[in-house]
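[1] Sequence plus predicted model, see below.
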Amino acid sequence: MNADASQRTPFIRQPLALLASPGVWINRALESTLQPLGYRAVSVSSGSELLERAPALEPDVILMDANLQDTNSVTACRALRHNVALRWNVPIIMVSSTPDTKQQRLAALEAGASDYLNLTLNADELALKLDAMTRFKLETDRRLEESAVHPSSGLYTARGLERRARELTADAVRRHAPLACLALGIEVETAGAPRSAARVPAAAQYAAHVLLIGARASDALGGLGVAEFALLAPATAPPGAEKMAQRLARVVESAGPRPAGVPPLRVRAGYEAVADLHETPIEPATLLEHASTALHQAASTGNGERIRAYRP
């Protein structure tokens, strides 16, 4: 490596590279190239492990072997691109240690790969390609985090939801008005036992679409996780919050026809609601936290409870 890492502009934050290859030497070679450039590297040895771990790791770049042994690499790349739990702007780079054909490169690009590189490529050239893609991804993340609404889903971002909570809380305090926050968890029916829809990305995406339609114009809907949502409901006292949770659960569970691949859905909900924010003030962040806690309490009771108010 001839490039001097000390002369490069620092990253906004340290990026994470996810490396996937059955060849230990390939992962080690990539790690030795990436770490001096400021990357953290996590290695997996199979396509199935790549698909399982990628969403939770939230990598900033994925380098995957074009010759995975347990999974067709092109199929795995396409599955990553279709997984809504993985950020859409993550560069996926197919790498090969053997001569490749035009058809292999085109198939990878058609499946959503950002590039197809041979490991015989000059190390400096590899570093520059990675650098450009990763910096673009990190800058896109930064701009999305500063945005109030995610452009592709229409949901409030975490920052947008917090900002809206502050606005609604201030308004409710001034007007002695009620305010509620609902946390909604989407589950799928599998062999009679409901489980989180986090592993069924199409179900979570469909639920988000249905909730956006079912919410009132004054409500603010944002994502808490892959299959969890938060809804800020102005002018909604505790009894109204429970009725709203029941209504939205019915909307999600009865909406149809469902897209192919989306199983029957169930909704759990937790909520925090205050009848008069002036008399009983609550911090915006606490309102969101209490609703999320109530949702997790409902899911953990094991008694079939579907909707739960926050209880300290």
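    Arrived safely, thanks for sending.

[2] shouldn't A148 be in contact with Y156?
    Yes: between A148 and Y156 a contact is recorded at 6.4 Å, counting by Cβ atoms under 8 Å. C-beta coordinates here come from the backbone N, C-alpha and C atoms, glycine included.

[3] where do the strands sit along the stretch 201-312 of the chain?
    Under the criterion DSSP state E, counting those that start in this stretch, strands of the stretch 201-312 of the chain are mapped to 220-225, 228-234, 265-274, 307-309.

[4] right, and R135 touches F11 too?
    Yes: using Cβ under 8 Å, R135 is in contact with F11, at 7.1 Å.

[5] if I look at A148 and Y156, which residues touch both of them?
    R164 (Cβ atoms under 8 Å, 6 or more residues apart in numbering).

[6] Those two - which one has more neighbours?
    Y156 (24 against 14; other Cβ atoms under 10 Å).

[7] so what's the more buried one up against?
    148-150, 164, 220-223 are the contacts of Y156 under Cβ under 8 Å, 6+ apart.

[8] Return the set of residues that bridge with it.
    Taking DSSP bridges as the rule, Y156 bridges to V149, G222.

[9] the helices in the stretch 151-300 of the chain, which residues?
    158-175, 201-214, 238-254, 284-300 (DSSP state H, counting those that start in this stretch).

[10] From the contact counts, what lies against the longest one?
    With contacts taken as 3 or more Cβ pairs under 8 Å, 6 or more residues apart in numbering; DSSP states H and E, helix 158-175 sits against helix 123-146, strand 179-190, strand 220-225, strand 228-234, helix 284-300.

[11] What residues sit buried inside it?
    160-162, 164-165, 168-169, 172-173 (16 or more other Cβ atoms under 10 Å).

[12] do the third one as well
    For helix 238-254, the buried set under the neighbour-count rule, 16+ other Cβ under 10 Å, comprises 238, 240-242, 244-245, 248-249, 251-253.

[13] cool, the shortest one as well?
    Burial within helix 201-214, assessed by neighbour count using 16+ other Cβ under 10 Å, is assigned to 201-211, 214.

[14] And the residue most central in space within the chain, how far from E58?
    In the chain, the C-alpha nearest the mean C-alpha coordinate belongs to A85, at 4.2 Å (Cα atoms, centre = their mean). Applying Cβ to Cβ, to the nearest Å, the value for A85 to E58 is 9 Å.

[15] related to what we said a few turns ago, export the strands of the stretch 201-312 of the chain to a markdown table and tack on mean pLDDT, distance to L37 and mean neighbour count?
    Listed next are those as a markdown table, based on pLDDT from 0 to 100; distance: least, Cβ to Cβ, whole Å; neighbours: other Cβ atoms under 10 Å:
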| stretch | mean pLDDT | distance to L37 | mean neighbour count |
| --- | --- | --- | --- |
| strand 220-225 | 90 | 31 | 20 |
| strand 228-234 | 96 | 35 | 25 |
| strand 265-274 | 95 | 43 | 24 |
| strand 307-309 | 95 | 48 | 20 |
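
[16] Between the ones you listed, which one is closest to Q35.
    Closest to Q35 of the strands of the stretch 201-312 of the chain, according to Cβ to Cβ: strand 220-225, at 30.3 Å.

[17] Which elements pack onto that closest one?
    helix 158-175, helix 201-214, strand 228-234.

[18] List the contacts of V149.
    155-157, 160.

[19] With H82 instead?
    H82 neighbours (Cβ under 8 Å, 6+ apart): P201.

[20] now it: how far from G261?
    10 Å.

[21] Next: T33.
    Taking Cβ to Cβ, one finds T33 at 38 Å from G261.

[22] cool, and M133?
    In terms of Cβ to Cβ, M133 sits 30 Å off from G261.

[23] Between the two, which has more neighbouring residues?
    Neighbour count, other Cβ under 10 Å: between M133 and G261, M133 has more, with 19 against 11.

[24] Kindly provide the distance from that one to A29.
    M133 is 19 Å from A29, by Cβ to Cβ.

[25] Assess the claim that A41 and E31 are in contact.
    Yes: contact criterion Cβ under 8 Å: A41 and E31 qualify, at 4.5 Å.

[26] More neighbours: the two, which one.
    The neighbour comparison of A41 against E31 (other Cβ under 10 Å) goes to A41, with 20 against 17.

[27] Can you give me every residue that contacts P99?
    N118.

[28] Poorly predicted segments of the stretch 51-200 of the chain, please.
    84, 121, 151-152, 190-194, 198-199 (pLDDT under 70).

[29] one more time with 80
    Confidence mapping of the stretch 51-200 of the chain against pLDDT under 80 gives the ranges 84-85, 120-124, 143-153, 189-200.

[30] re earlier: mind putting the buried residues of helix 158-175 into a markdown table with distance to N118?
    Below are these laid out as a markdown table (distance: Cβ to Cβ, whole Å):
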| residue | distance to N118 |
| --- | --- |
| G160 | 42 |
| L161 | 44 |
| E162 | 45 |
| R164 | 48 |
| A165 | 50 |
| L168 | 54 |
| T169 | 56 |
| A172 | 60 |
| V173 | 62 |
